[in-house]
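Q: model this:
(one chain, ligands or ions: 1)
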Amino acid sequence: MKILCVLYDNPKKGMPKKYPLSKLPVIKKYPDGQTLPTPKGRDFKPGTLLGCVSGELGLRKFLQKNGHKLVVTSDKDGKGCRADKELKDADIVISQPFWPYYLTREKMESAPNLKYAITAGIGSDHVDLQAAMDHNIDVYEVTYCNSRSVAEHIVMMIISLVRDYHNQHAIVNRGGWNIADAVHRSYDVEGMHIGTVAAGRIGLDALRKMKPFGVHLHYFDKHRLPKSVEKELNLKFHSSVESLVKVCDVVTINCPLHPETENLFDKKMISKMKKGAYIVNTARGKICNKQAIAAALKSGQLSGYAGDVWFPQPAPNDHIWRKMPHHGMTPHTSGTSLSAQTRYADGVREILECIFSRKQVRKEYTIVRNGELAGTGKHSYTKGNATGGSKEAARYKKR
Ligand code: NDP
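A: Residues are numbered from 1 along each chain as shown. Alright, predicted model coming up:
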């Protein structure tokens, strides 16, 4: 088989010769008991860069030994890009949400052999899922591989926004020491109302991690959590997003992007939020209307916005979120720490091993199978396509 793997660029100065830590902490299982990926083999050193082109997700040796052809590229956007050329006779495409290869209907139709689309991470909205169903292309992702990594990022972003860390750090870097400038927007999180839109693997973990800060916790989800969890966290359920945003000082967004959630935080929804609230969105950029977010930060309706997800990705250099006030954005990194890379590289290998040996891929990794949403996909996604507008990614110019 031919496997096309679209990964992010190598570090500008080349692959690291050494890393800060020589070993990763050992994690035996996820909180709900799901096991970590269990591939039969591993050809990389855990804790090294695997998600970039030279890292190759540690797959080359395994694939070549089994007679498959691996092509790895980061050139994924714009007319004539290498990924589009290589896709034409590929059987499997692997891509990552951090550097998504937008697999539109048009691209699928240019690839008659394509049978599988694998997401090295979580969130397969960069694949036109409706077209995948129509063309019988199975879609898999490595459920849970980086959910806890993202939850850590959310906590970091909530605290850094509310305390106004970015401003304080910038003052130090400029050589300054004006304390009043540093604290005039800085609050304690303690006592605040924190709510998540979706309490899945990430949302629930973020709530659990925030609990020790002495905050009031809220959530909205399509399915209600068990009563025991609500009790454990003293967690208030809201039957609508509107009801949640009305009372929360901080709203964190943790649902997948699909037609139901695209543009959920538009001007109208933001106007229903508590004045001066903060949003942390590590789910997907398209869930928030980019103009409405920037306008709300300017007017003071929002006090801060942070996240690591943009649309499209890479974000064009003039994307309005790069320059809006009071933001704490990062590039899409929360789910690709060195720790997470090890798990999703293992997960991709497990999925490939299953495909090659005609064994069913775990249902928790399954999004689309045999032309239908299935497994996790059936539970968390709705039919449709969220890749519209992705051509804009070609406007990004490397710096
Ligand atoms: P889960 O599948 O565990 O959780 C998703 C949750 O969203 C489920 O509880 C689901 O509800 C809920 N949901 C679905 N649709 C809606 C809706 N319309 N309104 C409210 N809730 C909804 O996934 P994770 O928590 O692991 O990941 C969530 C998302 O986070 C991913 O889809 C991805 O987009 C993003 N992500 C981002 C990463 C990053 O690096 N920034 C990395 C990993 C994920 P139910 O199951 O009850 O139907």
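
Q: Contacts only, for the residue in the stretch 51-200 of the chain that the ligand sits nearest to.
A: Residue nearest to the ligand within the stretch 51-200 of the chain: residue 200 (1.8 Å; Cβ to the nearest ligand atom). No exception for glycine: its C-beta is placed from N, CA and C like everyone else's. Neighbouring residues of residue 200 by Cβ atoms under 8 Å, 6 or more residues apart in numbering: 147, 221, 254, 255, 380.

Q: between these, which has the most around it?
A: residue 254 (27 neighbours; other Cβ atoms under 10 Å).

Q: List the buried residues in stretch 285-302.
A: Of the residues in stretch 285-302, 285-290, 292-297, 301-302 count as buried by neighbour count, 16 or more other Cβ atoms under 10 Å.

Q: Just the endpoints, please. Distance across it?
A: 17 Å (Cα to Cα, to the nearest Å).

Q: Repeat that for stretch 375-387.
A: Start-to-end, stretch 375-387 (Cα to Cα) is 22 Å.

Q: residues of it that come out buried?
A: Those would be 375, 376, 377, 380, 381, 385, 386, 387, for stretch 375-387 by 16+ other Cβ under 10 Å.

Q: check those residues against the ligand, which are close?
A: By Cβ under 6 Å from any ligand atom, the members of these lying near the ligand are 376, 380.

Q: quick one: which of the buried residues of stretch 375-387 sit in strands?
A: Taking DSSP state E, every one of those sits outside strands.

Q: Please narrow the buried residues of stretch 375-387 to those residing in helices.
A: If you go by DSSP state H, those have 375, 376, 377, 380 in helices.

Q: For the second one, give me the pLDDT.
A: Going back to what we said before, that points to residue 376. Looking at residue 376, its pLDDT is 94.

Q: That one and residue 369 touch, don't they?
A: No: shown here, residue 376 and residue 369 do not form a contact pair, counting by Cβ atoms under 8 Å, at 10.7 Å.

Q: Identify the residue nearest residue 319 in space, chain neighbours excluded?
A: residue 310 (6.3 Å; Cβ to Cβ, 6 or more residues apart in numbering).

Q: Helix, strand, or coil at the one you found?
A: coil (DSSP: H, G, I helix; E, B strand; the rest coil).

Q: Number of residues surrounding it?
A: 23.

Q: contacting residues for it?
A: Neighbours of residue 310 in contact, by Cβ under 8 Å, 6+ apart: 285, 319, 321, 329, 332.

Q: Surely the first one touches residue 316?
A: This points to residue 285. No: judged on Cβ under 8 Å, residue 285 makes no contact with residue 316 at a distance of 11.9 Å.

Q: can you map out the strands along this protein?
A: 2-6, 69-73, 92-95, 116-119, 138-141, 193-197, 216-220, 235-237, 250-253, 277-281, 302-307, 366-369, 372-373.

Q: Many thanks, have a good one.
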